[in-house]
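J.: structure, please.
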Amino acid sequence: MSGSSQALKTGVIEIACGEGTYTIAALTNNVIKVSYQDTLTSESKQYAAVLSEPIAMQLEEQDNHIVAKTQGVKLEITRSPFSINFCDEQTGSKLKGGEFSRKEGIASFKFGLKNHEAMYGMGSRGMQMNRRGHKLLNYNSHEPGNGMGFEVMNYSIPHLASSEQYMLLFDNPARAWMDIGKTQTDALEYTSEGGNMVYYFVNGQSFEELMGEYTQLTGKQPLPPLWAMGYIQSRFGYRTQQEATEELDKLLEAGYPVDAMILDLYWFSDHEKPKCMGNLDFNQKHWPKPKEMIQYFASKGVKTIPITEPFFTTNSDHYKDLRNNELLVKNRAGEVRTLPEFFWGEAALLDIFKPEAQAWMWERYKYMKQYGFDGWWVDLCEPEIHPEDMVHVNGKAAEVHGIFGHQWAQMLFEGYAKDYPEERVFQLSRAGFAGSQRFGVVPWSGDVRRSWDGLKAQPLIMLSVGMSGIGYMHSDAGGFIYGEKDPELYTRWMQYAVFTPVVRPHACGEIYPEPTFWSEEVQNHIKLFINLRYQLLPYNYTLAWKNSVTGMPLARPLFTQFANVPDTVEDQYMWGDSILVAPVLDKGIRNRNVYLPKGNWYDFWNHQFLQGDSTINVGLTMDSIPVYVKSGSIIPTTPEVQSTSFYTGETLQMTYYVGSENSQTQLYFDDGKTNNAYERGMYELVTIAATVNKGEIILSTQVAGKGYGGAPKKRLYVFELIGLAQAPKEVSIAGKALSHEWNQEKNTVSFETDLNDDVIIAI
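T.: This next block holds a predicted model:
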């Protein structure tokens, strides 16, 4: 059909090449799927992706060349030797290559890299965000004592985001390597030990657009329960019911807000016979009245979360039953493969890929739930020990290792959808795969070292994982393992953690993670921040909602939001659209540089006005870290509460950092617990626009949504305007003067309103 043009109605191009076939399909106008099948890779599977139906493309063929077009992407395909030039219809060529090869059992896709192209992503790694010049292993790995310099950790993601405004996702959970210009400076090569030979090209014009397309491909994170935005206390571990209750009481008596307590593996252990992982039930000797304990916690507004693991020790209650029903992973001879070296005693691994094993485990979760548990901790799910000779029902260990945690998360998520459809699932999970966000996964960075190197790696890990669609990466605040007791480190880590998706101090050994374990001086420095976390609930919950509908992570690298910011500025980040955070990551420093992007900014603490596109040197004190607010932002806060259970949103402090341009902010409210509340219209979305005219500022409001049970009948907005040069001439609403107060010393004006009509500030 030389020289002809047609609409490719099937949306699929197949090209025979050598011993195999390339299949190319457009799934959206900006998402292209490419797969290769031969005798060794005969089937195209989907693990990360949820889209599967192709759309039509415009097609032109001429001899050895094919041009296929969507409304966003043009593909210039050469049949032999095979290659694809992925082009944006507006900006031209973005990526070339994509040819497949196989040598000595190693399968490969290869692409070209442009001279100055930077590549980000690849999951949790203690290294610079730009991965160019590195060859990285993609294989979830438990690394106790991790931090800076650890290039492989517990949450690998075979996904890259390019500075050329495209993304690549390799939908293959097998062990693989990504050579990003290390061996050949102008080449990107993905190699794996077989598995699913499928990749996706995602096109966009901005990071926000790319995240939208990518999370349309892999799924959006469901909105977590509101309490996930509060303070969560954990420790390895509370050994008795009495100890857990006493530690909570200490926190509450000291004035700390708390939303959840996590029970580590001692909840099912007999201390005299500890090798019983897999019992998954309270040890009655040390936890005699667990329901009463959980009810007591709930009366204080505190949720309870137990640890669960995929390993079952040979002397645990369920081992024989699981073995006899062939639900445990086997070796190549078809026998149960036990792990004598397992740290908690000889154990076997549940084969979560077996439907029968999933059903068994879900029934166990349902049994545990009758105690009143509110969420789940899924630990060791890389899996932590996964020998080469293990064989699962769906493949060898190296082939399916990457999706073990992913499958576990899916089992939990789908169990809730079936049996508790009104509830939101909360699952802490140490490992997963690309797309695990759609199952509500809340990951953390593993067993991080209690050290400054451990802390320094955390923003890099959080930001990198967020760029790959996993919006809730966080850390064991304060550090988990090894190291010495360092009050300064603990203080700085906790201050940083307040501006991360989840605040959850956790530690092992005798250096306890509870703030009440530390000196009064340390507590004075961090209590302000924990309280601030609760004051920011309306801002943070709105960030969580935006993540669920747009895919945008809660924390973002500066270079994704501001043009011309170098990616070397990676020790500070944006918390949502409006707040810039510059954590203190080095011991003993008294100053640190902060880069403020182009625009105007305000110091969050003292309201000082600052011009952007500049680097400032900031003096440091132990009671704060540098935080700045973008000019034009409206930051909502709420009075402090002991727990999110007592948060209503009835009275909101609205701080408007006056800018020279029009701006708007959104506030999302629902009941904090009903599943799919937004999709069902059970919410209230308040959009407040600030229009800046000559001589006046107008604040106007729009409200969307059907409302929700428990919503306040009326909200009171207490406004404070920061940055006016002089007292306003008048503040009015609906043509009537509105009482207001001018603070001459701070140059702020404040007033109260229900925002039922436009507020006009004459200046």
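J.: when you work out contacts or count neighbours from here on, use the C-alpha atoms and nothing else.
T.: Fine.
J.: tell me how many other residues crowd residue 756.
T.: 14 (other C-alpha atoms under 10 Å).
J.: what do you get for the one 4 residues further on?
T.: For residue 760, the count of nearby residues is 22 (other C-alpha under 10 Å).
J.: same check, this time on residue 19
T.: By the criterion of other C-alpha under 10 Å, residue 19 has 8 neighbours.
J.: just the element for residue 202, please.
T.: Taking DSSP states H and E as the criterion, the element that holds residue 202 is strand 198-203.
J.: check which helices and strands that strand is in contact with.
T.: Applying 3 or more C-alpha pairs under 8 Å, 6 or more residues apart in numbering; DSSP states H and E, one finds that strand 198-203 contacts strand 31-37, strand 166-170, helix 207-218.
J.: angle of the second one against helix 207-218?
T.: Strand 166-170 and helix 207-218 meet at an angle of 30 degrees, taking axes from the mean of the first three to the mean of the last three C-alpha atoms, to 10 degrees as the criterion.
J.: about what we covered before: strands paired with the strand holding residue 202, and their directions?
T.: Strand 198-203 has the following strand partners under DSSP bridges: strand 31-37 (antiparallel), strand 166-170 (antiparallel).
J.: now these as JSON lines including distance to residue 524?
T.: Formatted as JSON lines, the entries for the strands paired with strand 198-203 read as follows, by distance: least, C-alpha to C-alpha, whole Å:
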{"stretch": "strand 31-37", "distance to residue 524": "50"}
{"stretch": "strand 166-170", "distance to residue 524": "44"}
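J.: got CSV for those strands, with mean pLDDT, distance to residue 408 and mean neighbour count too?
T.: Conversion of the strands paired with strand 198-203 to CSV gives the following (pLDDT from 0 to 100; distance: least, C-alpha to C-alpha, whole Å; neighbours: other C-alpha atoms under 10 Å):
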stretch, mean pLDDT, distance to residue 408, mean neighbour count
strand 31-37, 97, 26, 22
strand 166-170, 98, 20, 24
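J.: do you know which of the ones you listed lies nearest residue 71?
T.: Closest to residue 71 of the strands paired with strand 198-203 is strand 31-37 (C-alpha to C-alpha; 11.0 Å).
J.: after that closest one comes which helix or strand?
T.: That would be, after strand 31-37 and using DSSP H and E, strand 57-62.
J.: that next one packs against which elements?
T.: When contacts are defined as 3+ C-alpha pairs under 8 Å, 6+ apart, strand 57-62 packs onto strand 4-8, strand 65-69.
J.: weakest of those by average pLDDT?
T.: Mean pLDDT is lowest for strand 4-8 out of the helices and strands packed on strand 57-62, coming in at a mean of 51.
J.: report the angle between the helix or strand that it is followed by and strand 65-69.
T.: Counting by DSSP H and E, the next helix or strand C-terminal to strand 4-8 is strand 12-17. Here the directions of strand 12-17 and strand 65-69 differ by 160 degrees (the same axes, to 10 degrees).
J.: ok so, going back, hmm, who's touching the strand holding residue 202?
T.: Applying C-alpha atoms under 8 Å, 6 or more residues apart in numbering, the external contacts of strand 198-203 come out as 30-36, 44-45, 72-73, 88, 165-172, 210, 213-214.
J.: what of stretch 649-664?
T.: By C-alpha under 8 Å, 6+ apart, the list of residues contacting stretch 649-664 from outside reads 538, 600, 602, 629-639, 687-692, 712, 714-724.
J.: mean confidence score for the strand holding residue 202?
T.: Rounded mean pLDDT across strand 198-203 is 98.
J.: which of the contacts of stretch 649-664 fall within helices?
T.: Assigned to helices by DSSP state H, the following of those qualify: residue 538.
J.: which of the contacts of stretch 649-664 are buried? Put it as a PyMOL command.
T.: If you want just the buried ones from the contacts of stretch 649-664 in PyMOL, going by 16 or more other C-alpha atoms under 10 Å, the selection is:
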select buried, resi 538+600+602+629+630+631+632+633+634+635+636+637+638+639+687+688+689+690+691+692+715+716+717+718+719+720+721+722+723
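J.: what about the contacts of stretch 649-664, which are in strands?
T.: Within these, membership in strands is found for 600, 602, 629-630, 634-637, 687-692, 716-722, as judged by DSSP state E.
J.: and the helices in the stretch 551-700 of the chain?
T.: Using DSSP state H, counting those that start in this stretch, no helices are assigned anywhere in the stretch 551-700 of the chain.
J.: all strands of it, in order?
T.: Applying DSSP state E, counting those that start in this stretch to the stretch 551-700 of the chain gives strands spanning 555-557, 573-575, 579-581, 591-596, 600-603, 609-611, 614-619, 627-630, 634-637, 651-657, 663-669, 684-693, 696-704.
J.: can I get those strands in a markdown table including distance to residue 303 and mean pLDDT?
T.: Listed next are the strands of the stretch 551-700 of the chain as a markdown table, based on distance: least, C-alpha to C-alpha, whole Å; pLDDT from 0 to 100:
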| stretch | distance to residue 303 | mean pLDDT |
| --- | --- | --- |
| strand 555-557 | 25 | 98 |
| strand 573-575 | 26 | 98 |
| strand 579-581 | 29 | 98 |
| strand 591-596 | 38 | 98 |
| strand 600-603 | 35 | 98 |
| strand 609-611 | 41 | 97 |
| strand 614-619 | 39 | 98 |
| strand 627-630 | 30 | 98 |
| strand 634-637 | 23 | 98 |
| strand 651-657 | 25 | 98 |
| strand 663-669 | 21 | 97 |
| strand 684-693 | 25 | 97 |
| strand 696-704 | 31 | 97 |
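J.: quick one: residues in contact with the longest strand along the chain.
T.: Of all the segments assigned as strand in the chain under DSSP E, the longest by residue count is strand 92-103. Applying C-alpha under 8 Å, 6+ apart, the set of residues contacting strand 92-103 from outside is 36, 82-88, 107-113, 164-166.
J.: circling back to that earlier point, just send the helices and strands packed on strand 198-203 back as JSON lines, with distance to residue 678 too.
T.: Conversion of the helices and strands packed on strand 198-203 to JSON lines gives the following (distance: least, C-alpha to C-alpha, whole Å):
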{"stretch": "strand 31-37", "distance to residue 678": "26"}
{"stretch": "strand 166-170", "distance to residue 678": "28"}
{"stretch": "helix 207-218", "distance to residue 678": "17"}
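J.: tell me which of these lies nearest to residue 420.
T.: Short answer: helix 207-218, nearest of the helices and strands packed on strand 198-203 by C-alpha to C-alpha, at 23.7 Å.
J.: which other helices and strands contact the closest one?
T.: On the basis of 3+ C-alpha pairs under 8 Å, 6+ apart, helix 207-218 makes packing contacts with strand 166-170, strand 198-203, helix 537-550.
J.: by how many degrees do the second one and strand 92-103 diverge?
T.: With the same axes, to 10 degrees as the criterion, the two stretches strand 198-203 and strand 92-103 enclose an angle of 170 degrees.
J.: what of the longest one?
T.: For helix 537-550 against strand 92-103, the angle between stretch directions is 70 degrees (the same axes, to 10 degrees).
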